[in-house]
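Novice: Curious how this folds, go ahead:
(chains A and B)
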Amino acid sequence: MENKKSNPWRRINTKRITETVKKLFIKANTILGADMVSALRYALQQEESPIGRQVLTKILQNADIACHEAMPICQDTGLAVLFVEMGQDVRIVGGDLRKALEEGVRQAYGEGFLRKSLCDPLTRTNTGDNTPAVVHMDIVTGNQLRIIAMPKGGGSENMSAARMLTPSAGIDGIKKFVMETVEKAGANPCPPIIVGIGIGGSLEQACILAKKALLRPVGGKNASDERLTQMEAELHTRINESGIGPAGLGGRVTTLAVHAEMMPCHIASLPVAVNIQCHVARHQETII
Amino acid sequence: METRKIKTPLTEEIIISLRAGDMVLLTGDVYTARDAAHRRMYEAFKKGLSLPIDLSKATIFYAAPSPTPEGKVTGSIGPTTSYRMDAFTPALLEHGLRGMIGKGNRSPEIVEAIKRYGAVYFGAIGGIAALTAQCVKRMEVVAYEDLGPEAIRKLTVVDLPLVVINDSQGNDLYLSEQNKWRILSV
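Specialist: Purely as a prediction, here's the structure:
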């Protein structure tokens, strides 16, 4: 008999991981989060443009149909992004963790009637099953496995950008870069958008921070750093002054939220990434 | 705002009467084609090969639906961003294409080509694909089946809600509407 006290490992079977990933991607693609639905309802109250109001009404109506008919909210069911936080006391049994995650994606996109949107970058040949997924893995304390599934659409991802600013550019330089990126995106990323901003770290870390910022409940402030709280509020107002509006057809609501995350960077650098999310902001998570 | 019903094929008479900002409900046949299908059609032109579809007075919907569940006509369907098709569009217009359905800005060259060829670019709302699917009454793959979701499909749509973005006079709805709502910060 094993002595539980001397053995801190908690075993998690890969079959359970595959099943979880599958369910999360199907759910994310068909059910819009409650935070998004309330943000869109609030946007409808705020919008003054008649066509903008029509667009927002249809977006809400669509979310309702998708949920009731178990249809994808958007035909672009995304590239499968996974954030996995694995407790250091978890022991994976039954197979390869990476393969289990990929298999979950494969099953979700096959059985869930989700579009397979991945291809070879050069030949453009579809991979056929929406794999491989982009997996961000973190080892954390504890004995649980947290899985976040985020199907990311191509239209808004294409309008995202990263830049290595000089330290002298400062916070004004960051704001200028965000505004330039959003203005250039215009109608393309399906506004009203959510703007994820990652500041600091290295080039790739800034991008990961920007993407993680999109996982925050819509409109939630960065309460840990007052400089970011203020910047988020200011950019939110300025982006909504752009006039781009819902679907880019003009109006007051271009963004539903601006979320920023930050970490220290090299003394020579000021990396900034802007990850734009369309109004079909999808992510679902669970803890095993 | 008044909504007008129009039918495909888009005749010269219909196109000339459309103005940026017009809300229309489109009924009739349209083809889906996006990145990969555009590239393949463009390569066919370059090699002097004929196309598997007739582009004369045709309308293309920049779209690739999600798979069709049992008992439905189509999965979710909606527009993809149009600027990626800009490089191939003049060649398609030259071969008779007259209507395009997508989302987002076209390049100044395409706005000019739309005017020159007497064509029209319609905007459909992105991200409302379960709702848009209800306008599709028939769907069949007609070319490039190996492209999977990107294959060319012939759709029969009824009352597909669209707005004219770029008309045959060179007007641009995105520019005019966004400027109207813009607040210039001091």
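Novice: List of residues touching the longest helix that chain B contains?
Specialist: Taking DSSP state H as the criterion, chain B has its longest helix at helix B:35-46. Outside helix B:35-46, the residues that touch it by C-beta atoms under 8 Å, 6 or more residues apart in numbering or on different chains are A:119, A:124, B:33, B:50-51, B:80, B:84-85, B:87-88, B:91-92, B:95, B:143-144, B:147, B:150-152. Any C-beta I mention is one placed from the backbone N, CA and C, and that applies to glycine too.
Novice: same thing with stretch A:133-144?
Specialist: By C-beta under 8 Å, 6+ apart, stretch A:133-144 touches A:8-10, A:79-90, A:98, A:101-102, A:105, A:146, A:208, A:211, A:287-288.
Novice: which stretches of chain A have low pLDDT?
Specialist: A:1-7 (pLDDT under 70).
Novice: so what are the domain limits for it?
Specialist: What automatic domain parsing lists as the domains of chain A is A:10-30+A:73-152, A:155-281.
Novice: Any idea how far apart the tips of the shortest one sit?
Specialist: In other words, domain A:10-30+A:73-152. In domain A:10-30+A:73-152, first residue to last residue: 32 Å (C-alpha to C-alpha, to the nearest Å).
Novice: circling back: buried subset of the contacts of stretch A:133-144 as a ChimeraX selection?
Specialist: A single ChimeraX command selects the buried members of those (16 or more other C-beta atoms under 10 Å in any protein chain shown):
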select /A:79,80,81,82,83,84,85,86,87,90,101,102,105,146,208,211,288
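Novice: Just the ones of the contacts of stretch A:133-144 in strands?
Specialist: With DSSP state E as the criterion, strands contain A:10, A:79-87, A:90, A:146, A:287 from among the contacts of stretch A:133-144.
Novice: returning to what we had before: next SSE after the longest helix of chain B?
Specialist: Counting by DSSP states H and E, the next helix or strand C-terminal to helix B:35-46 is strand B:59-61.
Novice: who in the stretch 151-288 of chain A is up against chain B?
Specialist: Within the stretch 151-288 of chain A, the positions near chain B by C-beta under 8 Å from any C-beta of the partner chain are A:154-155, A:158, A:186-190, A:238, A:241-245, A:247-252, A:278-280.
Novice: before we move on, back to that, which of the contacts of helix B:35-46 count as buried?
Specialist: Among these, the ones that count as buried by 16+ other C-beta under 10 Å are A:119, B:33, B:80, B:84-85, B:88, B:91-92, B:95, B:143-144, B:147, B:150-152.
Novice: how about A:Ile92, secondary structure?
Specialist: The three-state label given to A:Ile92 by DSSP: H, G, I helix; E, B strand; the rest coil is strand.
Novice: Counting neighbours, what do you get for it?
Specialist: As a burial measure, A:Ile92 scores 16 neighbours (other C-beta atoms under 10 Å in any protein chain shown).
Novice: hang on, the earlier thing: quick one: buried ones out of the residues of the stretch 151-288 of chain A next to chain B?
Specialist: Among these, the ones that count as buried by 16+ other C-beta under 10 Å are A:154-155, A:158, A:186-190, A:238, A:241-245, A:247-252, A:278-280.
Novice: got a pLDDT number for the most centrally placed residue in chain B?
Specialist: Note on chain B: the residue nearest the mean C-alpha position is B:Ile101, at 1.9 Å, using C-alpha atoms, centre = their mean. We have a pLDDT of 98 for B:Ile101.
Novice: any idea how far it lies from chain A?
Specialist: Computed with C-beta to the nearest C-beta, to the nearest Å, the distance linking B:Ile101 and chain A is 13 Å.
Novice: Okay, the spatially closest residue to that residue that is not a sequence neighbour and B:Tyr144: tell me how far apart.
Specialist: For B:Ile101, ignoring the flanking residues on the chain, the nearest one in space by C-beta to C-beta, 6 or more residues apart in numbering or on different chains is B:Phe61 at 4.3 Å. Applying C-beta to C-beta, to the nearest Å, the value for B:Phe61 to B:Tyr144 is 15 Å.
Novice: got it, and B:Ile77?
Specialist: 17 Å.
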